[in-house]
Every structure is written in C-alpha cells, then in structure tokens.
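J.: I'll drop the sequence and a predicted model, then ask my questions.
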Protein chains: 2
Amino acid sequence: MTTSETGSQTERIRATVNAYLAAVASGRATEVAALYAEDATLEDPVGSEPRIGRAAITEFYKGIEATENTTELLTLRISGANAAFHFRVVTKAGEQTYEIDPIDVMTFDQDGRITSMRAFWAPTDMVQR
Amino acid sequence: MTTSETGSQTERIRATVNAYLAAVASGRATEVAALYAEDATLEDPVGSEPRIGRAAITEFYKGIEATENTTELLTLRISGANAAFHFRVVTKAGEQTYEIDPIDVMTFDQDGRITSMRAFWAPTDMVQR
C-alpha cells in the first residue's frame, strides 16, 4: 500500500468515527447502523454476547431514540484499518443526566464502513451529572 | 461470577496496567515481559506481525533499555477481563525528546498476567518536544 493509500484510508476511518458520534447524537438508530457493514459485529460492553448483522445492530441502538445524547471525541488513534477512540456521551433521560467516557475499538472495510465495534467500559464508569 | 469476584478481577487488571507503565519507565525489558503470560501475544502497532511468547516479547522491549522513558496513565477502561487504556510515553534519546499517547488494548488471565497486547497508534501521532 502506498503512503497516499494509507493516508486516504486513515481519512476514511476518521470520517466514519466522526459520523458515528454525530449519528449517535442524532438519536436515529438506523443512521448509526448505516455506518456498519451488513455483516458487522458489535460487542458492547466487551465481554457481552456480540450482536451480529445490521438488524441486530439497529436494535441495539434503539436506546438512543428515547434519550437526548451529546457526544464528543476525546482521542482517536488509527492503526492501519483499525481505530481505538476515547469519547464522551452525555445522556439526558427525563430529569437525569449521565456521562460516560468509553474507549471503543473498531475495524473497517475498504469503504470505511464499520466491520466490528467493541466498547470498553464498566457500569462504575458512568457518572451522574 | 459474584460482584466481589468481578471487583477483585478489576483491581488485579488495574494493578497490572499500573505495573506495566512503571516497568516501561524502569527501562528493564525483562521486568516488562514478566507481566506477560508465557504464551502471550503482542501486536504493536496493530496491523503489524504479532510477536508470540515471552522471549519474543522481551526482545521487543529491548528498545526501552537504550532510552529514558516516563509514562503516565491518562484513561483506563476495564470490561470484564479486558482493558483499554490511553497513556503517554515521553522518550529521551540523546538530545531528542519524543512524546506519544497510544491507546493499548490488553486481555488478562485469572492471575492478572497480560495474555495479549495490541497498541493503537501511527507514526504521525509521535510529536517532538
């Protein structure tokens, strides 16, 4: 792979990660799931049963439709076709506001679609604001 | 697994991650490698050929013996027997000082030894101080 191909792959991945955080904030599950490849896997939190395929992934994100979420990218590291990123999600559910700053790991296909997502966090990382 | 078993596993992992960063700063490759299980794997950066087994892992860390390194844990997320953490390494090599803040992902055995390590970073993430 040439340096320029590596560069454009990096830029595609960066664009997908930013689109992912924007889609989570949008509150539309189908918009988030559209960023995934058809046969992608999702393991959130890491150690739980993976969800496989876009239908199961859409179902997983239904939770964001009942809440108001803002997201912020804190750190993004890209290694080849792989990314790890630290980000913040602030969730308003009724009168309550919660914050969690997970680290997610993703792999991507040539088109920059997410082929796998694994989210590292524990319930104790969630704080009430 | 009971909540208390989960808690002690989390504490073992947290202790290993802190010991790992202290060992990297110590500059002794064998001290770092001793935190790994005998048949552990190391992929640094992610996408490169994994090193397998403690001898190959010791060899990998020889680089820290010729430089002066300080380390700092920025964020640690633990999910079951898995951890992702964002950290800083400042390296002095002769007159030059470099800084890199990778995100590493590790898995652990029951005793808290590292069974795999994958480091997410790209050469462009390294900055000269």
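T.: Thanks, I have the structure now. As the structure is a computational prediction, the values presented were derived from the model and not from experiment. Numbering: from 1, shown residues only, chains lettered A, B, ... in the order given.

J.: quick one, strands of chain A?
T.: Remark: strands of chain A, listed N- to C-terminal, are A:36-43, A:51-52, A:68-79, A:82-93, A:96-100, A:103-108, A:114-120, A:127-128; assignment by DSSP state E.

J.: need the longest helix for chain A.
T.: Under DSSP state H, the helix in chain A containing the largest number of residues is helix A:3-26.

J.: contacts only, for the one residue sitting closest to the centre of chain A.
T.: By Cα atoms, centre = their mean, chain A has its centre lying nearest to A:Tyr20, at 5.5 Å. Counting by Cβ atoms under 8 Å, 6 or more residues apart in numbering or on different chains, A:Tyr20 makes contact with A:Val32, A:Leu35, A:Ile114. Quick note: C-beta positions are derived from backbone N, CA and C, even for glycine.

J.: just to revisit the earlier point, which parts of the longest helix of chain A are buried?
T.: Judged by neighbour count using 16 or more other Cβ atoms under 10 Å in any protein chain shown, the buried positions of helix A:3-26 are A:9-10, A:12-14, A:16-17, A:19-21, A:23-26.

J.: just name the most buried of the strands of chain A.
T.: The highest mean neighbour count among the strands of chain A, using mean count of other Cβ atoms under 10 Å in any protein chain shown, belongs to strand A:103-108: a mean of 24.

J.: so that one, near chain B or not?
T.: Yes: using Cβ under 8 Å from any Cβ of the partner chain as the criterion, contacts between strand A:103-108 and chain B involve A:Ile103, A:Val105.

J.: now for that strand, which elements pack on it?
T.: Other helices and strands packing on strand A:103-108, by 3 or more Cβ pairs under 8 Å, 6 or more residues apart in numbering or on different chains; DSSP states H and E, are helix A:3-26, strand A:82-93, strand A:114-120, strand B:82-93.

J.: indicate which one of these is closest to B:Thr67.
T.: strand B:82-93 (4.7 Å; Cβ to Cβ).

J.: would you mind writing the CA trace of that closest one as PDB?
T.: Backbone C-alpha positions of strand B:82-93 (Å, rounded to 0.1, in the frame of the first residue of the first chain) are rendered in PDB as follows:
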ATOM      1  CA  ASN B  82     -10.200  -6.800  29.000                       C
ATOM      2  CA  ALA B  83      -8.800  -3.400  29.300                       C
ATOM      3  CA  ALA B  84      -8.300  -0.400  27.000                       C
ATOM      4  CA  PHE B  85      -6.100   2.500  28.200                       C
ATOM      5  CA  HIS B  86      -4.800   5.800  26.900                       C
ATOM      6  CA  PHE B  87      -1.400   6.700  28.200                       C
ATOM      7  CA  ARG B  88       1.600   8.900  27.500                       C
ATOM      8  CA  VAL B  89       5.200   7.900  26.900                       C
ATOM      9  CA  VAL B  90       7.900  10.600  26.800                       C
ATOM     10  CA  THR B  91      11.100   9.200  25.500                       C
ATOM     11  CA  LYS B  92      14.500  10.900  25.700                       C
ATOM     12  CA  ALA B  93      17.000   9.500  23.200                       C
END
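
J.: now the angle from it to strand A:114-120?
T.: Counting by axes from the mean of the first three to the mean of the last three Cα atoms, to 10 degrees, strand B:82-93 lies at 90 degrees to strand A:114-120.

J.: quick one: low-confidence parts of chain A?
T.: Per-residue confidence of chain A (counting by pLDDT under 70) places the weak regions at A:1-5.

J.: pull up the residues of chain A that are close to chain B.
T.: Counting by Cβ under 8 Å from any Cβ, the residues of chain A near chain B are A:10, A:45-47, A:74-75, A:77-86, A:101-103, A:105, A:119-122, A:125.

J.: just to revisit the earlier point, give me the distance between the residue nearest to the centre of chain A and A:Ala83.
T.: Separation of A:Tyr20 from A:Ala83 (Cβ to Cβ, to the nearest Å): 10 Å.
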